[in-house]
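In: sequence first, predicted coordinates after that:
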Amino acid sequence: MNDTTQQFLHELKRVYVKECFHRDENCSEKIVKAHSIQNNKILNKISLNGNVYCFSLSEDDEHHLQVVLAKKGRKVATIFTGFCSYHDNAIFKPIEEQDFQKNNYQQEFLFAYRALAKEYHAKKELIKRLEKVKEISDLKEKWQIQQLDALLIGSQITLNKLEDNKQIFNSVLKQRNFDIIGTRIIKLHGECQIAVSSVFAIVNDLNGKNIHNTIEFVDLNKELKLLYVTIFPQGGKTYILFSYLRRHRKYLAPVIRQIANRSIAEQKKIISNMIAVYVENLALSPNAWGKMSDSEKSIFYELNMENVFSTGKSLIKLKNINLFT
């Protein structure tokens, strides 16, 4: 990595947001480095020599920034400064101290809540970092400036839409009406070496039917129908939780049903494609990444680039990758 890029990345890493997602009168002063994927129960299980693979910024041979999977120690992997110490401890006790149980609405809600908190925080940090890029970069080409401005505008619109969900979820947490969330669970035999905590808006179902159109991503008056995905190993199985606000059931439940009705091999392929295209917050065992062929790794990165640069992501043409080894 050349000195300029190294300095640039150093400056970006110094830009971060420290605030509690559930700000109220009970907040403690200290904002903690909270794990968005549980350290002791999940990351410890899939790590190798204390390490997992997570997404990270790097530099390619031509000195361009790129997103890659890189080794991180499990104690720092998936952390974000999105909760005060009081709320990080108090809110998540039911999933930190107890194993997951099917039809436990509180646990299902909390997994989705944590995914939303992480995505909201990540989007807020991205905006601050893009603003920092404008400040410290020497962008001379008009297209570069336009692309950066477009990213800023798009990120701000998405943050505004996530803000609406933040208000809903924090209200649910106070009122404890956890069944506002619907959850469909897919269980795989064996503990796969992958963990995911993410939320995103899918464009279409497996048959090509639109769930969102381009306008809905940029129009502040249009609501995103968000899908919350949590994946973790437990008790000899791998749990895949698909959650959504019940008012979005008619849009998202059919997609999940399409996945659930496929063979196990097809389910793994579909969900692997979904992770590659949509998910930013994942942890993968070094063993699992090492078992993938160079071709599969290339396909994974190719699909992930769609996540970075496009809103028109599709699950119609599935690629041959399997993250569930």
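Out: Yep, that arrived.

In: for the chain, which segments are assigned as strands?
Out: 31-35, 51-59, 65-73, 79-84, 181-189, 194-200, 227-234, 237-245, 282-284 (DSSP state E).

In: off-centre distance for the first one?
Out: Averaged C-alpha coordinates place strand 31-35 at 17 Å from its chain's average position (Cα atoms, centre = their mean, to the nearest Å).

In: dump that strand to CSV, restricted to CA.
Out: As requested, the backbone C-alpha atoms of strand 31-35 are provided in CSV (Å, rounded to 0.1, in the frame of the first residue of the first chain):
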residue,chain,number,x,y,z
ILE,A,31,-20.5,4.7,24.5
VAL,A,32,-19.1,1.2,24.1
LYS,A,33,-17.6,-0.8,21.3
ALA,A,34,-20.6,-3.2,20.9
HIS,A,35,-20.5,-6.4,18.9
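
In: thinking again about what came up before, any idea which of the strands of the chain gets closest to Phe21?
Out: Go through the strands of the chain one by one with Cβ to Cβ and the one that ends up closest to Phe21 is strand 79-84, at 5.0 Å. All C-beta atoms are positioned from the backbone trio N, CA, C, and that covers glycine.

In: now do that closest one: everything it contacts.
Out: Contacts to strand 79-84, defined as Cβ atoms under 8 Å, 6 or more residues apart in numbering, come from residues 16-22, 27-36, 91, 117-118, 120-122.

In: partner strands of that strand, with direction?
Out: Each strand that pairs with strand 79-84, with its direction, by DSSP bridges: strand 31-35 (antiparallel).

In: contact partners for Asn160?
Out: Counted by Cβ under 8 Å, 6+ apart, Asn160 has contacts Leu220.

In: what's the distance between it and Arg246?
Out: Relative to Arg246, Asn160 is positioned 23 Å away (Cβ to Cβ, to the nearest Å).

In: go on, Pro94?
Out: Distance of Pro94 to Arg246, given as Cβ to Cβ: 20 Å.

In: then Gly235?
Out: Plainly put, Gly235 is 28 Å away from Arg246 if you go by Cβ to Cβ.

In: from the contacts of strand 79-84, keep the buried residues only.
Out: Buried subset of those (neighbour count, 16 or more other Cβ atoms under 10 Å): 17, 20-22, 27, 31-32, 34-36, 91, 117-118, 120-122.

In: between those, which sits nearest Leu303?
Out: Of all these, Ala122 has the smallest distance to Leu303: 19.2 Å, by Cβ to Cβ.

In: looking at Gly235 and Arg246, which is more packed in?
Out: Each of Gly235 and Arg246 has its neighbours counted (other Cβ atoms under 10 Å); Arg246 has more, 14 against 10.

In: verify the stated contact: that one with Arg184.
Out: No. Shown here, Arg246 and Arg184 do not form a contact pair, counting by Cβ atoms under 8 Å, at 11.9 Å.

In: where in the stretch 51-200 of the chain is pLDDT low?
Out: Within the stretch 51-200 of the chain, the stretches falling below the threshold (pLDDT under 70) are 58-65, 138-144.

In: and with 80 instead?
Out: Applying pLDDT under 80 to the stretch 51-200 of the chain flags residues 57-67, 133-148.

In: those helices in it, which residues are they?
Out: Counting by DSSP state H, counting those that start in this stretch, the stretch 51-200 of the chain has these helices, from start to end: 85-91, 93-96, 105-136, 142-175.

In: so which of these comes closest to Ser263?
Out: Nearest to Ser263, of all the helices of the stretch 51-200 of the chain, is helix 105-136, at 25.6 Å by Cβ to Cβ.

In: buried residues in the closest one?
Out: Of all the residues in helix 105-136, those buried under the rule 16+ other Cβ under 10 Å are 106-127, 129-130, 133.

In: for stretch 218-229, same thing?
Out: Using 16+ other Cβ under 10 Å, the residues of stretch 218-229 that count as buried are Glu223, Leu224, Lys225, Leu226, Leu227, Tyr228, Val229.

In: run the chain-centre distance for it.
Out: Here stretch 218-229 shows a centroid-to-chain-centroid distance of 15 Å under the convention Cα atoms, centre = their mean.
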